[in-house]
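[1] kindly return the folded structure for what I paste below:
(chains A and B)
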Amino acid sequence: MRDLSLGAIGPAWFRTVGPGVWAAGGLVLAFLLLFMVLPVAWVFFTAFVNADGSLTFGHFSAFFAQPLMRESFFNSLYVASMSTVFAALIAVPLAYFTVRFQFRGALLIQTLGVLPLVMPPFVGAVAMQLIFGRSGTVNLLLNQAFGFTVPVMDGMNGVIFVEAIHYFPFILMNLTLALRNIDGAMEEAAMSLGCRGWRLFWRVIFPLGLPGFVAGASLVFVKVFDDLGTPLVLGTTNMLAPQAYLRITQVGVEDPLGYVISVIMIVFSVVAMALSARALQGKDFSTLQKGGGSIQRRRLTPLGAVGAYGWIGLVLLLTLSPHLGVLLLSLGTVWSFSPLPDGFTLAHYGTLVHDAGGMVQNTLLYCGLAAGIDVLLGTAIAYLIHRTRLPGRRLLDSIATAALAIPGLVLAIGYLRFFGGVTIPGTDTLLTSTWVMIMLAYAVRRLPYALRSCVAALQQVHVSLEEAAESVGATKMRTIRRVVVPLMAGGILAGFVTSFVTAAVELSATIVLTASQSQAPMSYGIYLYMQSVAGRGPGAALGVLAVVVVAIGTYLSHLVVARTGAAAAARPPADETLEPLPFEVSVASATPAAHAGTVSARR
Amino acid sequence: MQKVSVKCEDIRLAYGDTPVLKNVNIEIRPGEFFALLGPSGSGKSTLLRLIAGFNQHQHGRLLVDDKDVTGLPPWKRNIGMVFQSYALWPHMTVWDNVAFGLVERRLDKRTIKARVGAALELVGLSAHAGRRPNQLSGGQQQRVALARTVVIEPQVLLLDEPLSNLDKSLRVQMRQELWSLQRRLGITTIFVTHDQEEAMTTADRMAILDKGVVQQLGTPAALYDYPANAFVAAFVGTMNLLPARVSRRQAGSLVLHLDGLGEVELPADPDTPTAERLMLSFRPHSLCVQAADAAPDARYAWLPGIVEASEFLGEAMRYRVRVGSHSVCVDEPHRAGLSAHEAGSAIGLGLDRTQVRLLAH
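    Residues are numbered from 1 along each chain as shown, chains lettered A, B, ... in the order given. Sure thing, here's the model as predicted:
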């Protein structure tokens, strides 16, 4: 007979840190150090040393001495700030509508949230130029009808416009969630104390939603500040990310200014994320109680309904325009100086069959491997954090999560520098010239996503579930196989898909690390095609293909999460009634339960 | 302070086709501590929110201080409510939470300062004025919620399950505090609870709701001693119910036939139901227990029973006893040295006729 008392003091494996745990922790740490910490540290190091190895701030003064660099710096700040402002202008009313009013567009607005995940801004940028550019659809029609044009796609305006309509859903989603989590009693308490209307909004609703807004807005700022693809595709090179890319590719890996820019970018990322974390600290305002309702839903007045639906319609039109544009571009023959393409053809898709097979294969290979590494690392880290007492296990979590703050461009530059000159053992092939670098960059960049999924999945598996299995005689291995893994599988799969699809549309690191055409994944292919007017058609067709792949993946992961979440959330009703046992209850185990003929109020 | 009454006159409320309150009539007297007691889904919280102005009834009148407030929005009612979740705003300090309602009334700064200070003093939290709600314990949060409500000097104070979020050990203390605070302020207070002990110990009077209908209204003792129906009997305290058939009605008494147990004669009064099938209801402590072979005392009506199980409660031994085809609870007062009747042993149950109440089946 097994010693059942073991369960009372916790299983033995939790109390001691065995060699297996040390080995797992060591391997994870080695991976993170080698492929993330050291390359990034190398970037910092290079930005602060002279050619002879002495410490210097000279590169920074050189950076700010150059007018182009100063201009790029301020342009990047300007574009990131303005994009955030415009994204907020779009998102805040939408979030408020959905939470406050009874209204049918809620599902539609939810759908808006996944669009930027499905198609990154650089894919749609060219199409946006054809629609909103100086001689694009909208301006041609405006000029024809009213004799004026709007310069929304000129220079930095174009970058701001494209980024804002791609990234506003980050604010929308975070803010909606925050508003939805406000306990309705928060508002009712204010009302019963005499508060209403605008004052109610400013004094109670707005402050409670603010942390959600800050979280979303800082995310938009960082995304735009780090984005390389959109300015490149739109030809706006007087910004930081394009400048770093151009310095590294044209002047060479030795050029210190590329590293200075990298350091600036990473500092801004870290500061923005730290600020938002600081803003959110101790402000978990999701005050919704078990069984409580959200804030009141009101009926829209007829005028309000017109306004709300009008706004949603406009936003929807704007949000879908890059998607529609890409679709038109992929099906159009020639599209230039005309509102719509001159004719329609499937030829561009035909071109893909010839040219793009390799790219699709590459994307599947790189992203599949990267996502595989991510869930492996994610599961290991989750397990180390929550099921072992390995010293420093929190540090692994912090390092892996810090990958969120590292721009793809910076990581790629770090790889080129850190692994520069290293050859694959036994051959003369340079490590930096292989696709392994691309795959590893994907893995590091997307690790935080997979990690969150795995941690969430493991947290759903309460330790007592494992203890219960052990107490009825299952060994550790069989417990993992029959209880832990089946319960975690959904979360792990969701993490895999999320990592996979987001890696598939990663461009910044890809552009820098792709050494030859044969290594190019789809994202690089789209970028390359978009460079020439003749390539736009096939580029757009490839974009459509990527969107379809990513959309299916996103939908699948959503499905998996929804299904496992529902299973975990299933609880018996609170006030259940229990049927009496089908046999006489013995005296020894007399229960105070209600019995036939006796009723008790002790409930 | 002016004490006001609250009257619900024939109030009906439905969500869509689902009736939640059906012709509710309750009159709450000025300065009364009144409890609304009922299981979840009985409509008690809906009624409370209706008085606060968060729900609107479709029929009937709601009078506060004899003025009809039907249709008035919450911010015009001057009725204070303490929420089950306390609903303290996490982005404000304790002081700002309490001052909120006074700021809304556009009072000058000195008055606000004086009144908030006094309210915090009243609940003993003057030292915590600068803290945030999430830095306080559950009991302290509840006191802040209370201070925030009473500081505006509402005409009526509403409490929605005020003790349900507290630890069991704290509940008794907070219950007493609530009671003495209410007595000091004299505000007409209505509180909602599903815990009959809470309602009985604090309320002047209470109403028991089930399925949107007021089942009975009265003082705790009246409801305990004279439940109007089986639901109230079941909900307030522990009650035994034994079905019986009326054999004969006589002047001042009636003879009942109990399945498998023979006949019992019980006193009848004018409000005894006239139905043929009745329920005998009696409390566990209104029975006396003795060995089956002991001489029966003629003051009691005796029923034979078999002990099924026993629970030691400390002040009493509670037996579950099989009587005919039914099972009843019997409490025997406990003293040191008194030994329990074994399970399976035959005993006699003495029923005090004056303590038995006859209810419609």
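
[2] what about stretch B:65-85, average pLDDT?
    Confidence over stretch B:65-85 (mean pLDDT, whole number) is 89.

[3] quick one: end-to-end length of that stretch, please.
    28 Å (C-alpha to C-alpha, to the nearest Å).

[4] and that stretch, anywhere near chain A?
    Yes - contact of stretch B:65-85 with chain A (C-beta under 8 Å from any C-beta of the partner chain) involves B:73, B:74, B:75, B:77, B:79, B:80, B:81, B:83, B:84, B:85. Every residue, glycine included, has its C-beta placed from N, CA and C.

[5] for chain B, give the helix that spans the most residues.
    Across chain B, the helix with the greatest residue count (assigned by DSSP state H) is helix B:168-185.

[6] tell me the buried residues in it?
    By neighbour count with 16 or more other C-beta atoms under 10 Å in any protein chain shown, helix B:168-185 contains the buried residues B:170, B:171, B:174, B:175, B:177, B:178, B:179, B:181, B:182, B:185.

[7] again, but for stretch B:259-270
    B:261, B:264, B:266, B:268.

[8] same deal with stretch A:246-266?
    Result for stretch A:246-266 [16+ other C-beta under 10 Å]: buried residues A:247-248, A:253, A:255-266.

[9] ok, stretch A:95-107 next?
    In stretch A:95-107, counting by 16+ other C-beta under 10 Å, buried: A:95, A:96, A:97, A:98, A:99, A:100, A:101, A:103, A:105.

[10] list the contacts for the third one?
    To tie it back to what came earlier, the one meant is residue A:97. Contacts for residue A:97 (C-beta atoms under 8 Å, 6 or more residues apart in numbering or on different chains) come out as A:103, A:105, A:109, A:308, A:311, A:312.

[11] could you check which helix or strand contains the nearest residue to the fifth one once chain neighbours are set aside?
    Distances taken as C-beta to C-beta, 6 or more residues apart in numbering or on different chains put residue A:93 closest to residue A:311, at 5.9 Å, once the chain neighbours are dropped. When secondary structure is defined using DSSP states H and E, the element that contains residue A:93 is helix A:67-100.

[12] model confidence over that helix, on average?
    If you average the pLDDT over helix A:67-100, you get 90.

[13] now do that helix: distance to the chain's middle.
    18 Å (C-alpha atoms, centre = their mean, to the nearest Å).

[14] select the helix or strand of chain B having the lowest average pLDDT value.
    The helix or strand of chain B with the poorest confidence is strand B:262-267; it has a mean of 84 (mean pLDDT, DSSP states H and E).

[15] strand partners of it, parallel vs antiparallel please.
    strand B:253-258 (antiparallel) (DSSP bridges).

[16] convert the C-alpha atoms of the strand it pairs with to PDB, please.
    Output of strand B:253-258 as PDB, limited to C-alpha atoms (Å, rounded to 0.1, in the frame of the first residue of the first chain):
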ATOM      1  CA  SER B 253     -59.200  20.600  18.600                       C
ATOM      2  CA  LEU B 254     -58.800  18.200  15.800                       C
ATOM      3  CA  VAL B 255     -57.700  14.600  15.500                       C
ATOM      4  CA  LEU B 256     -55.000  13.800  12.900                       C
ATOM      5  CA  HIS B 257     -54.100  10.500  11.400                       C
ATOM      6  CA  LEU B 258     -50.300   9.900  10.900                       C
END
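
[17] list the buried residues for that strand?
    Quick answer for strand B:253-258 (16+ other C-beta under 10 Å): B:254, B:255, B:256, B:258.

[18] re earlier: including distance to residue A:36, could the buried residues of stretch B:259-270 go into CSV?
    As requested, these are exported to CSV (distance: C-beta to C-beta, whole Å):
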residue, distance to residue A:36
B:261, 82
B:264, 85
B:266, 85
B:268, 88
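
[19] now for the residues you listed: which two are most distant?
    Greatest spacing in the buried residues of stretch B:259-270, by C-beta to C-beta: B:261 and B:268 (19.2 Å).

[20] and the residue of the stretch 1-150 of chain A closest to chain B?
    Chain B sits closest to residue A:102 of the stretch 1-150 of chain A, with a gap of 13.8 Å, by C-beta to the nearest C-beta.

[21] wait, that residue sits on residue A:300?
    Yes - in this structure, residue A:102 is within contact of residue A:300 by C-beta atoms under 8 Å, at 7.3 Å.

[22] return the distance of residue B:142 relative to chain A.
    13 Å (C-beta to the nearest C-beta, to the nearest Å).

[23] neighbours around residue 350, how many?
    Using chain A. By other C-beta atoms under 10 Å in any protein chain shown, 12 other residues sit near residue A:350.

[24] not quite, go with chain B.
    If you count neighbours by other C-beta under 10 Å, residue B:350 ends up with 20.
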